[in-house]
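Student: 3D model of this:
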Amino acid sequence: MTADSEMEIKEAFSRAQKGHSNKAKLVAVLKSRYNKLEDKTLFHDEFIHYLKYAMIVYKREPAVENVIEFVAKFASSFQSPSKNDKEGEKETEKEEEVDEDEEEEDDHPFLTFIFNFLLESHKANSHAVRFRACQLINKLLGSMAENAQIDDDLFDNIHQAMLIRVTDKFPNVRIQAALAMTRLQQPHDPDCPTVSAYMLILENDSNAEVRRAVLSCIAMSPSTLPKVLKRTRDVKEAVRKLAYQVLADKVHIRALSIAQRVNLLQQGLHDSSEAVREAVRSRLLPSWLQRLDGDVVELLHRLDVENCSQTALDVLRAIFTNMPEDQLLQDRVLLDSSKLIPGDSLSCENVLYWRALCEFVKAKGDEGEEMLEKVLPDAATYADYLYRFVKAVPLLSEQQRADFNTLELVMTKEFISQQLILLAGCLDTNEEGSRKRVLAVLQEMLCLPQTPPSLVSLLTEKLLSLVPDDNRRIQTVAEIISDVREPIAEASQPVDQDEKRRQQIKLAEVKVRILEVKQELEDCIAAQEFSHAAQLKDSITELENQRDLVLQGMAECSQPVDRESDPDTLLRCLTMCAELLKQMNIKTRIGPTMSAIMSSLILPCIANSHPAVRNTAVVCLGTCALHSKELAKTHMVLLLQIAQLDEVKIRISALRSLIDLLLLFGFQLLSEKPVTQAALASHSPGGQEEGLSDEKGDMAEDTAQSILGLLSEFLDGEVTDLRTETAEGLAKLMYTGRISSAKMLSRLVLLWYNPVTEDDTRLRHCLGVFFQLYARESRAHQEVVGECFLPTIRTLMNAPVTSPLAEVDPGNVVELLVELTRPGALIKPSQTNETFVRSGQEVCVHDSMALRVCGEILKDHTAPEVRLYAKTLSNLEISTNEATRQEVHALLQEITQVVKDRICLRAVEKVIDRLVASTEQAERRNETALQPLDINADEAVTEDLSKSVKKPKRGQKKAATAKGGRKASRRAESSEESDGENVPESVPVARPSRRAKTAALEKTKLDLNPLIDQEANTS
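Tutor: You can find the predicted model right below:
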């Protein structure tokens, strides 16, 4: 090769480093030079020679990136035209180009040469070379035409090489290898190694950027879709966001099940990251709507709104937020002239859409009043519309409930009724006439016997929202309960004799038919006609069922329903009472009306045989007790008995009531007698007052201990819901200061770590939040955590092999308790300094923990947990209190003389050295503080320091620079490889000027020309 051609290649690489250069022109010039050459070998070697300068640079320098881009474009320019392109040419040109097509069937020599070189380089020791090799392969494959073809052997070699590189140590190499395999995957092949590698990376790769790269290029198939869906719950925000974008672009809504759609929307719209929520609102939902021709009601139909109404409402709010106001009214549901949906056109989807639209418009305030009038009628008209629909909902009997289709139809109507009742909250009830009409309709619906029980709570809530005064609320609900339990028209209802006669005739016919079939059955058995006998036996069963139904109907006609003891009626009344107590102000006392409801309804229902009635009665009793301390003292024992003896659901309700009472009134409630007992005690002689007070205190303490013992039994029980509720209640009591027990806290810690509770996500989440909040709240709470340290560790170390606690790692428990008791973990540490200071030096919880741990080691220095205790000592932060340090130091010295284990001794010696060093530093600080202030001395010291900085000793500066360079390079390398987890905190510095930043940027830019020239001069 001539010197001119050598300069041409060098000049091309030199110009390619500049971002503003025309790479297409460079490619064309260099390609023409290449085509003129007869011997391509020298050109290949020279080209690779200059390419290697760029491949040894790992950092993403602009000059290097431009060179890589230029090389990829130059190599891909030799790609042969595809066969599909050739087929589109004219028939006259085909015969002339047959020979050329045959020659171009194989890949171009230069393209093959580049690929072979890169495949040889991917195994290099340098991670920079591996990174650039994978990057170039990625760019070469990506720049090829969509229908391009390569040699099978070359395809296999690239495939094998990239499969190796996706397991590389460096994340950037794995990213480029994963991107390079994009066009090598075969999603329809269940055994495709690329797809398998992609799924493995999504599951196990620790780097978020690698997972993002795979998400961006993985092809969708039934096997890969679950892996992509799982990435929507990734720990990294960027991965979750990209997963939703990929699902929006590549996955049709019909490819997802209803449960998958609901989970996607529920998690995405409630994600902790605003970027992820925005991706769902702006990418996923519009994509699904586009595939459904913009039909929002059809989208709701795809979500099964009956079982996920809240998620559907969140979806509608997100859609309305990005929708113009004129389109909101244009796309509204089909309303008639009275602004109502016709009764025969009501469905779960359009009624939910109507409700969401009205709530969205009403939330706009004054701006939405005019729009709300266009989609919602006046209050009186809507109240009559609601009454007509709710009244038409049938009340099913036991036989009708057995028919699934009938039950499903009624449940749909109940759901529509619920949405219509909730929509009533958007009505304008400021006018007195409209409000009275709505109140009258709601009261009438609550009194109707055919009103479904599932609507009673909603109707009561809407009724109470229209009555602001608590006394009026109590009076209104009491009147409704009275009307429901004692209806006026029911007493004078006569018994229909004709209907009774018809039922008797029907019963006689059924009985005669049963006798006939039984006789026929006996004849068939005697004649050994067993097939016909089996049919007759089925007929007898059906006839007996008909007889039972007729008898049941006759019993209902002869015995009218007793509203006083009917379970459905009692449950309806208790539900209204529970909703009333929920809406009442906590400061509202129990008056005569509420006391009458207590004595006539709530307390008798506690002993009802129906579980649902008992459960609601317990809820009402516990809520009533919150409004009256006397009621709480009177019925505390009853709630305790229910919490131990009844069904699980009722026990949980009683337990919640107990916890609420203890949170509100505290355990002092147990030391006070009810009013009747207090009145009797007031007549006792004065000499017995002190004895009575002591006895009363002892009784209160015993009662409190019995309650805590009961709660401890619930924690050990096998009922998961009861255990979770108990743990949550204890956490509330401890956080509010009603209980301060290291033993109970130890029980909660062990419960949190117990493998048995691994599937109880509510328990794990509740206790995980509680531990952090509790320990950081106050110094007293940290002391409780410190006291529970040793009992918890002893329980874990002494757990038998058969116990689930034997699987718990005590080291993890130690780390948790040590972190919770650190002085810096307090939310307001400044408020605790004044209380816990001795001789001007603060004493922290770690001091007492260190003394306890040292005592535990000295108690039995051969125990297996001694190593764990020694490691704990090395993690504790001993305070600056001199007396404590001396005491700990003496104990540590004694430990070194007793303990023989090397690992334990090494850990204890490190703690001793740290104590000695910190003591010496404290002494030096004290000496410096006691010395008189000398300005001249400070100036002299400053001068000496400046001289020492200006004139370092020989070798000192060089060594420091070398160490600093190594540390800096390692930090830079780790920052490039990390995914944002270990970013150091920024140090505030003065902001440089634009000119200074430009100059600094020019200095940091890498230029490959000096390296090339230096080697040329050396050679």
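Student: For the stretch 101-250 of the chain, give me the ranges with low pLDDT.
Tutor: Within the stretch 101-250 of the chain, the segments meeting pLDDT under 70 span 101-107.
Student: Determine whether the claim that residue 377 is in a helix is correct.
Tutor: No: checked against DSSP: H, G, I helix; E, B strand; the rest coil, residue 377 lies outside a helix; its state is coil.
Student: residues near it, how many?
Tutor: Around residue 377 there are 17 other residues, counting by other CB atoms under 10 Å. In this view, the C-beta of every residue, glycine as well, is placed from N, C-alpha and C.
Student: Once you drop chain neighbours, what's closest to it?
Tutor: Of all residues not flanking residue 377 in the chain, residue 339 sits nearest, at 4.4 Å (CB to CB, 6 or more residues apart in numbering).
Student: May I ask which helix or strand of this structure has the lowest mean pLDDT?
Tutor: Of all the helices and strands that make up the chain, helix 675-681 has the lowest average by mean pLDDT, DSSP states H and E, namely a mean of 39.
Student: for the stretch 301-450 of the chain, what spans make up the helices?
Tutor: Using DSSP state H, counting those that start in this stretch, the helices of the stretch 301-450 of the chain run over 309-321, 325-330, 348-362, 369-375, 379-391, 398-401, 404-423, 432-447.
Student: Can you check what angle separates the strand or helix carrying residue 573 from helix 432-447?
Tutor: Element membership of residue 573, judged by DSSP states H and E, is helix 567-583. For helix 567-583 and helix 432-447, the angle between their directions (axes from the mean of the first three to the mean of the last three CA atoms, to 10 degrees) works out to 140 degrees.
Student: still on that earlier bit, most packed of the helices of the stretch 301-450 of the chain?
Tutor: Using mean count of other CB atoms under 10 Å, the stretch among those with the greatest mean number of neighbours is helix 348-362 (a mean of 22).
Student: can I get the CA coordinates of that helix in CSV?
Tutor: Coordinates of the C-alpha atoms in helix 348-362 are reproduced here as CSV (Å, rounded to 0.1, in the frame of the first residue of the first chain):
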residue,chain,number,x,y,z
CYS,A,348,-72.0,-1.9,35.6
GLU,A,349,-69.6,-0.1,33.1
ASN,A,350,-71.7,2.9,32.1
VAL,A,351,-73.0,3.6,35.6
LEU,A,352,-69.4,3.5,37.0
TYR,A,353,-68.4,5.8,34.1
TRP,A,354,-71.3,8.2,35.0
ARG,A,355,-70.3,8.3,38.6
ALA,A,356,-66.6,8.8,37.9
LEU,A,357,-67.4,11.6,35.4
CYS,A,358,-69.7,13.4,37.9
GLU,A,359,-67.2,13.1,40.8
PHE,A,360,-64.4,14.4,38.5
VAL,A,361,-66.4,17.4,37.4
LYS,A,362,-67.6,18.1,40.9
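Student: what's next to it, contact-wise?
Tutor: Helix 348-362 has contacts (CB atoms under 8 Å, 6 or more residues apart in numbering) with 296-297, 300-301, 305-306, 309, 312-313, 316-317, 320, 328, 332-334, 341, 368, 371-372, 375-376, 412, 415-416, 419-420, 422-423, 425-426.
Student: Please tell me how far residue 108 sits from residue 33.
Tutor: 15 Å (CB to CB, to the nearest Å).
Student: show me where pLDDT drops low in the stretch 851-1000 of the chain?
Tutor: Within the stretch 851-1000 of the chain, the ranges that satisfy pLDDT under 70 run 922-923, 925-1000.
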